[in-house]
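A.B. asks: attaching a predicted model along with its sequence, questions to come.
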Amino acid sequence: MSNTYILSIDQGTTSTRAMIFDHDGSVVAVDQVEHEQIFPKAGWVEHDPIEIWENTRKVIGGALAKANLNSKNIEAVGITNQRETAVVWDKNTGQPVYNAIVWQDTRTQKIVDRLAGDDGVEKYKSTCGLPLATYFSGPKVTWILENVDGAKEKAESGDLLFGNTDTWVLWNLTGGADNDGVHVTDVTNASRTMLMRLEDQTWDESIASDMGIPLSMLPEIKSSSEVYGECKPGVLNGTPIAGILGDQQAATFGQACLEKGTAKNTYGTGNFMLLNTGTEQVPSENGLLTTVCYKIGEQETVYALEGSIAVTGSLVQWIRDNLGMIGSAPEIEELAMKVEDNGGAYFVPAFSGLFAPHWRPDARGALVGLTRFVNRNHIARAVLESTAFQTREVLDAMNADSGVPLTELRVDGGMVVNETLMQFQADILGVDVVRPKVAETTALGAAYAAGLAVGYWENEDDIRNNWGEDKRWSPQMDDDERERLYRNWKKAVTKTLDWVDDDVE
């Protein structure tokens, strides 16, 4: 097995990459390409699905070339992806009927309000575990069918297919329009559409009907770890695709959070904390989502509570690209380290409203507490601190829902290299923050799912044994200071609410 590996495709919000892993879970090679972020209007976020597919092919070839490997060296392919980002395409031509509508997009608010009616945003929550929100895929499909010329008629005649980006990549990898592409998703992605019944992991006909989505558009729901099909044609021709996990569930799996009560937090474009609740669905009373954590082959489905935060790493990107305050993301830490605190400034990045635990689509971003004393270094620190404060809100909700306070938090994602942020995170949570040796656990989790399906890894003990601690941060802040800062954060959040009026798109 020393000459064989698992290749993982990580189709993310800002980029697509291919990573090759060995049996120890170590990275052998990686290739990554960013794709364009398209903002047609305020609150609208789109990606070009064709660009994503072309980039996927590019990074697969790039990673293989860097490792000097070919398809004979790859035992299986795993896919992980930005969840809730909806693609609708013509199955006969393979062409999308519209750009992918990204999870951050808020254009579907009026559709969400219409669906909620007098029943409110929790109308479908007992069925699918999710509140009605612009975040999820279902209403995005509704928008496409209602706003793209001819789409509704094509859908009703059975010519259109829908999927999150996992399904789009899988369909194309397995042959697309020319070679009978496989139209499948896994339980974790299906659980983010608002269309899947949590209880038995099947599509709910009544919700799909309410949203005007023909069942013929929907992919077949499979487990997170089984052979879905083979790559054809291309550099991986004949290689089985054997694992699919939505990015946050993949990170949970890659972090070896396989026991009930274990949790991880991923710091990426947004932040996503998942708590493994075992085979039990735990309804949230505190603004969290009940979702599928993973399902390995024929084993029982494992569920999770999730706290989703829309804007964390993308705030650093916004500071770089929109304001030009920094030239590269790492510079934010350099500025923040020049001051001891935030100087009284708090940045609440409610660019797409507030997700967990608030679920307030009417909120918009605010920088508050400004005085003449505040400089760019304080603002840089406030940017980093906003990620930690939002995580504290989610952790408090998770502790309340689970009844078992977390004693440590495993962390991963691009921002965990920022040691200033990690220390402040431990300080504001009051618990240890632990970074693993392989911080990019999203791609690793998808690799594990694929490898388990083909016997590359024997069982979940192999995953537990591969996990290793890299660094631990323990709280150094006294309780009074922690609560003072958090109290001011919660005050800042109130200043973002009720910003969007009924007459604002």
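C.D. replies: Right, received. Where do you want to start? Since this is a predicted model, take the numbers as computed values, not measurements.

A.B. asks: can you point out the buried residues in stretch 32-46?
C.D. replies: Of all the residues in stretch 32-46, those buried under the rule 16 or more other C-beta atoms under 10 Å are 32-33, 35, 37, 43-46. From N, CA and C alone the C-beta is placed, and that goes for glycine too.

A.B. asks: same deal with stretch 442-462?
C.D. replies: Buried residues in stretch 442-462, counted by 16+ other C-beta under 10 Å: 442-454, 456-457, 460, 462.

A.B. asks: in strands, which of those appear?
C.D. replies: Judged by DSSP state E, the subset of these located in strands is empty.

A.B. asks: report the longest helix in the protein, please.
C.D. replies: helix 376-402 (DSSP state H).

A.B. asks: how far away is the residue of the chain most remote from its centre from Ala345?
C.D. replies: Here the chain reaches farthest from its C-alpha mean at Arg372, the gap being 38.0 Å by C-alpha atoms, centre = their mean. From Arg372 across to Ala345, the span is 12 Å (C-beta to C-beta, to the nearest Å).

A.B. asks: so the residue farthest from the centre of the chain sits in a helix?
C.D. replies: No: counting by DSSP: H, G, I helix; E, B strand; the rest coil, Arg372 is not part of a helix but coil.

A.B. asks: so how far is Asp341 from it?
C.D. replies: On the measure of C-beta to C-beta, Arg372 and Asp341 end up 16 Å apart.

A.B. asks: now do the strands in the stretch 101-250 of the chain.
C.D. replies: 160-163, 184-186, 196-197, 202-203, 220-222, 225-230, 240-246 (DSSP state E, counting those that start in this stretch).

A.B. asks: what's the closest of these to Gly468?
C.D. replies: strand 240-246 (20.9 Å; C-beta to C-beta).

A.B. asks: tell me the angle of the closest one relative to strand 225-230?
C.D. replies: 120 degrees (axes from the mean of the first three to the mean of the last three C-alpha atoms, to 10 degrees).

A.B. asks: tell me how far strand 240-246 lies from the chain's centre.
C.D. replies: Computed by C-alpha atoms, centre = their mean, to the nearest Å, the chain-centroid distance of strand 240-246 equals 16 Å.

A.B. asks: now do stretch 183-200
C.D. replies: The answer for stretch 183-200 is 15 Å, by C-alpha atoms, centre = their mean.

A.B. asks: before we move on, what about stretch 317-328?
C.D. replies: 23 Å.

A.B. asks: repeat that for stretch 309-324.
C.D. replies: 16 Å.

A.B. asks: cool, stretch 324-332 as well?
C.D. replies: Distance, centroid of stretch 324-332 to centroid of chain: 24 Å (C-alpha atoms, centre = their mean).

A.B. asks: before we move on, what about stretch 485-502?
C.D. replies: On C-alpha atoms, centre = their mean, the centre of stretch 485-502 falls 24 Å from the chain's centre.

A.B. asks: quick one: Ala256 is in a strand?
C.D. replies: No: secondary structure assignment (three-state DSSP) places Ala256 in coil, not in a strand.

A.B. asks: roughly how far does the residue lying closest to it once chain neighbours are set aside sit from Gly297?
C.D. replies: The shortest distance from Ala256 to any residue other than its chain neighbours is 4.0 Å, reached at Trp467 (C-beta to C-beta, 6 or more residues apart in numbering). The gap separating Trp467 from Gly297 is 21 Å, by C-beta to C-beta.

A.B. asks: more neighbours: which of these two?
C.D. replies: Trp467 (18 against 12; other C-beta atoms under 10 Å).

A.B. asks: list the contacts of that one.
C.D. replies: By C-beta atoms under 8 Å, 6 or more residues apart in numbering, the residues touching Trp467 are 25, 255-256, 436-437.

A.B. asks: which of these count as buried?
C.D. replies: 25, 255-256, 436.

A.B. asks: which ones are touching Asn399?
C.D. replies: 405-406.

A.B. asks: how about Gly62?
C.D. replies: For Gly62, counting by C-beta under 8 Å, 6+ apart, the contacting residues are 18, 31, 33.

A.B. asks: among the residues you listed, which ones are in helices?
C.D. replies: Reading helices off those, I find no matches (DSSP H).

A.B. asks: adding pLDDT and distance to Gly365, write those residues out as a markdown table.
C.D. replies: Putting those into a markdown table (pLDDT from 0 to 100; distance: C-beta to C-beta, whole Å) gives the following:
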| residue | pLDDT | distance to Gly365 |
| --- | --- | --- |
| Ala18 | 97 | 34 |
| Asp31 | 97 | 34 |
| Val33 | 96 | 29 |
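
A.B. asks: closest to Val417 among those residues?
C.D. replies: Nearest member of the contacts of Gly62 to Val417, counting by C-beta to C-beta, is Asp31, at 19.7 Å.

A.B. asks: ok, that closest one touching Ala63?
C.D. replies: Yes: applying C-beta atoms under 8 Å as the test, Asp31 and Ala63 come out as touching, 4.3 Å apart.

A.B. asks: neighbour count for those two, which is higher?
C.D. replies: Neighbour tally, Asp31 and Ala63, criterion other C-beta under 10 Å: the higher count belongs to Ala63, 25 against 20.

A.B. asks: just confirm the more buried one is within a helix.
C.D. replies: Yes: counting by three-state DSSP, Ala63 is part of a helix.

A.B. asks: does it touch Leu7 like I think?
C.D. replies: Yes: between Ala63 and Leu7 there is a contact under C-beta under 8 Å: 6.8 Å.

A.B. asks: quick check: neighbours shared by the two?
C.D. replies: Counting by C-beta under 8 Å, 6+ apart, the residues touching both Ala63 and Leu7 are 18-20.

A.B. asks: now the stretch 401-505 of the chain, which segments are flagged as low pLDDT?
C.D. replies: For the stretch 401-505 of the chain, the stretches with pLDDT under 70 are 502-505.

A.B. asks: how many neighbouring residues does Asn92 have?
C.D. replies: Neighbours of Asn92 (other C-beta under 10 Å): 11.

A.B. asks: surely it is in contact with Asp180?
C.D. replies: No: with contact defined as C-beta under 8 Å, Asn92 does not reach Asp180; the gap is 12.0 Å.
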